[in-house]
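> How does the following fold in three dimensions:
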Amino acid sequence: MTKTPLTVAALLLFLLISSALPPSTAEIKSLVISDDARPMILFEKFGFTHTGHVTVSVSSVSVVSTSPDPNPDPSRLGFFLLSEESLLQVLLEIQQNPRFCVLDSHYVTHLFTFRDLSPPPNSRFNHSYPVTSPNEYSLFFANCAPETKISMAVRTEMYNKDPNGSKDYLPAGATQLPSLYSFFFLCYATFLGYWGYTCYTNKRVVHRIHLLMAGLLLIKSLNLICAAEDKHYVKITGTPHGWDILFYIFQFIRVVLLFTVIILIGTGWSFLKPFLQEKEKNVLMIVIPLQVLANIASIVIGETGPFIKDWVTWNQVFLLVDIICCCAIIFPIVWSIRALRETSKTDGKAAKNLSKLTLFRQFYIVVIGYLYFTRIVVFALKTIAAYKYQWVSFAAEEIVSLVFYVIMFYMFRPEEKNEYFAVDDDEEEAAAIALRDDEFEL
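Next up, the predicted model:
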């Protein structure tokens, strides 16, 4: 069968990439597939409990064959569920028999084939299936008929039933997310209130960067409450009722503002100097457009799914752009550290420069730790955690983000005795010796 290598590649690629991505925006999805020749189409993944159900409805089905046989066998096209535990067994079957069709495997949960469709021209099918074995399953469509193209309208609905009989459209590992995001919204709202009080009581030393940091807290709070409402409505109705639009708007503003604040703090803007150098402006001009692209990719990933042909490409774009931005925001901090080291050799203010260098070095370490945890450790947690505990990775990410915000805001708080302004003449000689050491090398 000529499509077998593509079948194996699609099965592995879709499952491996989608395993670490956030849950879909909605668990009731409607889409149209047109002239699609892919041997495997992954629609979505969902964590089921023992009360799980999946409903699949297809209509306007059309199968066009370019092979000598104009009437392909309808039993060679159909939908099935596949757990990650069964994935290796299915791949082994395909390796042992190159012409093997996954619909013939005993390791998949069969739903229906095109043999079950109503007669043309209005070929359609609609049925709900209980999931009796709790697990995380992927919903696939398989096309084992060579040289055929499929067109159809598909509607999928996945949910678990609560003890009271109501439907929960969030996967088993994500049903706690509305409460989780609401809790962190309260944390950031409290944080914003405290930051506002701190700025008010230290008005004489408040800089423009402090107001920008307050704006960051406000946007982060709004982003979290929109995320909580988004997940809440998906949980009870299966769709976000427009909250996903607000979520993406505030997420875009938050990410751009966060990278901007880190870059501006790293350059010392409004603290050490009232202007930005050309190279620092260039970093901002690179990061901000890239973040626009990253957020577009994030929206495409979240609002569609692996059933679109370019879904993998959008994931690659998002990961690449995110890596570039994470690397770019480090440069201003490094430049500031080097500039302070050079300045300390000529201006005779060893103690003040030592304090500034210590602060920037600590900030450098904090930023590196934050990026490492949120990009690598959280990814690992999403990959290895059992499907029932996927919420743990989201909790870990929010906890680390909150800790990062607290540390960053504490280090650069508006206070007259902040390290930026602290000068102790009695320690000038000791500071001068320390500055000659290599402890500030990156």
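> Not counting its neighbours along the chain, what's nearest Ile333?
Ranked by Cβ to Cβ, 6 or more residues apart in numbering and with sequence neighbours excluded, the top spatial neighbour of Ile333 is Gly266, at 3.8 Å. Yep, even glycine has a C-beta here, placed from its N, CA and C like the rest.
> Distance of the one you found relative to Phe112?
Distance of Gly266 to Phe112, computed by Cβ to Cβ, to the nearest Å: 57 Å.
> Between the two, which has more neighbouring residues?
Gly266 (23 against 16; other Cβ atoms under 10 Å).
> ok, now which ones touch the more buried one?
329-333, 335-336, 360, 363, 367 (Cβ atoms under 8 Å, 6 or more residues apart in numbering).
> out of those, which one sits closest to Glu398?
Nearest to Glu398 out of the contacts of Gly266 is Val367 (Cβ to Cβ; 17.8 Å).
> Packing partners of the helix or strand containing the closest one?
Following DSSP states H and E, one finds Val367 within helix 350-372. Contacts defined by 3 or more Cβ pairs under 8 Å, 6 or more residues apart in numbering; DSSP states H and E place helix 350-372 against helix 243-267, helix 330-344, helix 391-411, helix 428-436.
> coming back round to it: filter the contacts of Gly266 down to the buried ones, PyMOL style.
Only the buried entries of these go into this PyMOL selection, using 16 or more other Cβ atoms under 10 Å:
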select buried, resi 329+330+331+332+333+335+336+360+363+367
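> got CSV for the contacts of Gly266, with distance to Gly52 too?
Below are the contacts of Gly266 laid out as CSV (distance: Cβ to Cβ, whole Å):
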residue, distance to Gly52
Ile329, 42
Ile330, 45
Phe331, 49
Pro332, 49
Ile333, 48
Trp335, 54
Ser336, 53
Phe360, 52
Phe363, 47
Val367, 42
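> Make a markdown table from the contacts of Gly266 and add distance to Arg208 and pLDDT to it.
As requested, the contacts of Gly266 are exported to a markdown table (distance: Cβ to Cβ, whole Å; pLDDT from 0 to 100):
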| residue | distance to Arg208 | pLDDT |
| --- | --- | --- |
| Ile329 | 19 | 81 |
| Ile330 | 23 | 83 |
| Phe331 | 22 | 82 |
| Pro332 | 16 | 80 |
| Ile333 | 19 | 78 |
| Trp335 | 20 | 78 |
| Ser336 | 17 | 75 |
| Phe360 | 19 | 78 |
| Phe363 | 18 | 84 |
| Val367 | 21 | 88 |
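> Put the alpha carbons of the helix holding Val367 into CSV.
Below are the C-alpha coordinates for helix 350-372, written out as CSV (Å, rounded to 0.1, in the frame of the first residue of the first chain):
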residue,chain,number,x,y,z
ALA,A,350,33.0,50.9,43.2
ALA,A,351,30.4,50.2,45.8
LYS,A,352,27.5,51.6,43.7
ASN,A,353,28.7,49.7,40.7
LEU,A,354,29.1,46.5,42.7
SER,A,355,25.5,46.8,43.9
LYS,A,356,24.3,47.3,40.4
LEU,A,357,26.3,44.5,39.0
THR,A,358,25.1,42.1,41.7
LEU,A,359,21.5,43.1,40.9
PHE,A,360,21.9,42.6,37.2
ARG,A,361,23.7,39.3,37.7
GLN,A,362,20.9,38.1,39.9
PHE,A,363,18.3,39.3,37.4
TYR,A,364,20.2,37.4,34.6
ILE,A,365,20.0,34.2,36.7
VAL,A,366,16.3,34.7,37.5
VAL,A,367,15.4,35.2,33.8
ILE,A,368,17.4,32.2,32.7
GLY,A,369,15.7,30.1,35.4
TYR,A,370,12.3,31.3,34.4
LEU,A,371,12.8,30.6,30.7
TYR,A,372,14.3,27.2,31.4
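> Of all the residues in whatever helix or strand comes next after it, which ones are buried?
With elements assigned by DSSP H and E, the helix or strand that comes after helix 350-372 is helix 378-384. Neighbour-count burial for helix 378-384 flags 378-379, 381-382 (criterion: 16+ other Cβ under 10 Å).
> got those residues as CSV, with pLDDT columns?
As requested, the buried residues of helix 378-384 are arranged in CSV below (pLDDT from 0 to 100):
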residue, pLDDT
Val378, 86
Phe379, 83
Leu381, 87
Lys382, 84
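> Most widely separated two among the residues you listed?
Of all pairs drawn from those, the widest gap by Cβ to Cβ lies between Phe379 and Leu381 and measures 7.3 Å.
> Can you check my assumption that Leu31 lies in a helix?
No: under the criterion used here (DSSP: H, G, I helix; E, B strand; the rest coil), Leu31 is strand, not part of a helix.
> Could you measure from it over to Thr109?
Distance, Leu31 to Thr109, by Cβ to Cβ: 21 Å.
> Over to Lys235?
24 Å.
> try Ala227
32 Å.
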